[in-house]
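Student: okay, predicted coordinates and the sequence, questions at the end:
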Amino acid sequence: QAQLVESGGGLVQAGGSLRLSCVASGRTLTSPSMGWFRQGPGKEREFVAAISGSGGFTYYSDSVKGRFTISETNAKNTVYLQMNSLKREDTAVYYCAPIQWGTFAPKADFGSWGQGTQVTVSS
């Protein structure tokens, strides 16, 4: 099972940009689709973006559509989340996970969440 490590978070002003990375060790060429999730202060964890196993399809939550872009390396061992036009409500800990394409929920055999990476957007 792939170990997932998220990085790239930080403090940024509203309107700014960040690029998050999720490094997946042990991920094979038949890897599942991958997704980004976030959990804001006092909130439930929510889906943000997904990229299909083939890399040909992406899907976004309405709250980030048009501002965030998910991508992955050709080696399919790193998934990125480019975040532009950041808003205060984007403040959260961001996580990545293999997901079931269609439901965009973490796969049933997904082990445990990584430590995530904190994104804080100030006004």
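Tutor: Ah, there it is.

Student: and stretch 40-55, how far out from the chain middle?
Tutor: Mean C-alpha position of stretch 40-55 versus that of the full chain (CA atoms, centre = their mean, to the nearest Å) differs by 6 Å.

Student: tell me the mean pLDDT for it?
Tutor: Stretch 40-55 shows a mean pLDDT of 92.

Student: buried sites along that stretch?
Tutor: Neighbour counts over stretch 40-55 (16 or more other CB atoms under 10 Å) mark 45, 47, 48, 49, 50, 51, 53, 55 as buried. To be clear about C-beta, it is placed using only N, CA and C from the backbone, and glycine gets the same treatment.

Student: what do you get for stretch 112-120?
Tutor: Buried, per 16+ other CB under 10 Å, within stretch 112-120: 113, 114, 116, 117, 119, 120.

Student: what helix or strand is the spatially most central residue of the chain on?
Tutor: Geometric centre of the chain, nearest residue: residue 36, 2.2 Å, by CA atoms, centre = their mean. Element membership for residue 36 (DSSP states H and E) is strand 33-39.
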